[in-house]
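[1] Here is my input, please return the structure:
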Amino acid sequence: MGRRAEDHLEVLDMFFPADQKEYATDVEVTLAGHWWTLAMEYVAQQKMIVLGSAHTHTYRAARDEGEAIPSIGDMESWEVPDLICGIANVVEGSGGKKKCGDIASYGPPINCDVTVKRAGRRTRCWIITQC
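    Coordinates of the predicted model:
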């Protein structure tokens, strides 16, 4: 949450739903639909706006760990073109213990069409800018 300035977004705080543990298991968190409503009510009280959301990508240590970057699914689900997407990697060690990294924030994707000359076909891609 934060404010929209003339040429940038100011992230000033994060909202965490009070009932988040009710929607979490050891392996996943189910996004509750009413969280957006709660977030909107909270930011209105703070005279701010919702700028985006954050989620995690889970990896097994030394096996399939990757960067905390938006996946194709993340980019396809971007609902509003000016929201920030925050991603934190959760790495599970060999003993099952999970460790969460810092949140990497990404600005909105810019859709563009690309012509691949070798293949002679058009494809959709996203240009992602990191905040």
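[2] Please report the residue range of the longest helix in this protein.
    As assigned by DSSP state H, the longest helix anywhere in the chain is helix 34-45.
[3] residue boundaries of the strands in this protein?
    Ranges of strands in the chain, per DSSP state E, are 2-4, 9-11, 52-60, 84-92, 98-100, 104-106, 110-116, 121-127.
[4] worst average pLDDT in the ones you listed?
    Lowest mean pLDDT within the strands of the chain: strand 121-127, at a mean of 49.
[5] And Ile24, how far from Ala32?
    Not quite, residue 24 is Ala, not Ile. To Ala32, Ala24 is 10 Å away according to C-beta to C-beta, to the nearest Å. Backbone N, C-alpha and C define where each C-beta goes, glycine included.
[6] Could you do Gly96 as well?
    Look at Gly96 and Ala32: by C-beta to C-beta, they are 26 Å apart.
[7] tell me which residues of stretch 87-98 are tucked away?
    With burial defined by 16 or more other C-beta atoms under 10 Å, the residues of stretch 87-98 counted as buried are Ile87, Asn89, Val91, Glu92.
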